[in-house]
Structure formats: structure tokens, C-alpha cells
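1. generate coordinates for the sequence data below:
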Amino acid sequence: MKESLFLKLIQQNKGMLFKICRIYQDDPQDREDLLQEITLQLWHVFDTYRGESKISSWIYRVALNTAITYFKKQKRRPDSEPIPVNFDQPDDTINEKEEQLALFYKAIKQLDKIEKALIYLYMEDQPYEEIAKTLGITEVNARVRLNRIKNKLKEIIKKLNNEY
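-> Now for the predicted structure:
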């Protein structure tokens with residue numbers, strides 16, 4: 001029973017989990033490893049859910065904290081070099097939307113962890129009230145920060161476009 005409920009929740013929230021992995025890892029294999037780590041961590045703490053927030057918010061917090069911890073550990077490894085993204089010679093199979101998405105995720109990687117969390121929740125169409133509750137800030141603060149982050153992302157993307 002517990003296993004089937006857990007698997008159902010993972011299935012219902014897989015899009016959110018994939019996006020978190022995409023934000024924190026470039027390489028598809030690293031994203032898969034991170035997804036496994038998040039799933040394992042969620043399983044370990046599954047019994048600790050107290051129902052004080054929506055289950056999706058709780059899953060998000062656990063997943064985000066796991067991704068941040070995983071990312072920090074990986075950055076300390078001497079063999080972990082960022083994979084350069086070469087937009088000068090795009091692969092024939094990559095279409096324009098995929099290039100734009102890759103550029104967007106590259107821009108997100110330049111944000112700090114709170115900014116990443118805010119923009120991610122916004123991308124998931126979470127209401128400002130839920131964003132504020134999840135991150136422990138006021139609703140007004142969430143709105144102000146999101147506007148600043150959107151402007152910051154526009155500037156980062158402009159810079160990235162000029163570099164290529």
C-alpha cells in the first residue's frame with residue numbers, strides 16, 4: 001500500500017522532478033543519477049510527511065534540497081567539469097525551440113539557489129501564496145523577487161546570445 005501510494009505520487013510529480021534535475025544537471029546521465037537520488041531520498045523521508053502543506057509542495061522541498069546537496073557534492077569532485085554547450089555548431093537534430101530551452105536553462109544555472117527555486121515554482125504555475133509558503137517568505141516578497149529574477153534572466157540571456 002505504502003509503495004503504491006509512493007509510486008503514484010512520484011508519477012504525478014514526475015514533471016516537477018524532471019525540471020529540477022534539468023536545472024541542476026546538464027548531462028542526461030547526471031540528471032538520471034540525480035532523479036534516482038531524489039527518489040531515494042523521498043522514499044527515506046516519505047513517512048515524515050505531516051500534511052501541513054500540499055504533498056506536491058513537500059515533494060518539491062525535499063527534491064530541491066536533495067538537488068542542491070547533490071550539486072554541491074558534485075562540484076567538489078575533481079573530475080566534475082561543466083560540459084560546454086556549443087551553440088556555434090548546433091546538431092542537426094536540435095531545433096530552434098530546443099536551443100532556446102537550452103539557453104534558458106543555462107541562464108537559470110547562473111541564478112543563486114533561492115532564485116532558481118522561485119523561478120522554478122513560477123514555471124510550475126504555483127500561486128504566489130504557495131510560492132511564499134514553500135520558501136518561507138512573504139507573498140509580496142515573492143512577487144518582487146520574481147519580477148527581479150525575470151529581468152535578471154532577460155539580461156543573462158541577452159549576454160549569452162551575444163557570446164555565441
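2. what are the buried residues along the biggest helix by length in the chain?
-> Ranked by residue count under DSSP state H, the longest helix found in the chain is helix 139-163. Burial within helix 139-163, assessed by neighbour count using 16 or more other Cβ atoms under 10 Å, is assigned to Ala142, Arg145, Leu146, Ile149, Lys152, Leu153, Ile156, Ile157, Leu160. No exception for glycine: its C-beta is placed from N, CA and C like everyone else's.
3. closest to Ile108 out of those?
-> Leu153 (7.2 Å; Cβ to Cβ).
4. distance check, the residue found closest to the closest one once you drop the neighbours it is linked to in the chain against Lys154.
-> In space, Leu153 comes closest to Ala107 once its chain neighbours are excluded; the distance is 5.2 Å by Cβ to Cβ, 6 or more residues apart in numbering. Distance, Ala107 to Lys154, using Cβ to Cβ, to the nearest Å: 9 Å.
5. does the most centrally placed residue in the chain lie in a helix or a strand, and which?
-> Centroid-nearest residue in the chain, with Cα atoms, centre = their mean: Ile20, separated by 2.6 Å. Assessed by DSSP states H and E, Ile20 sits inside helix 14-24.
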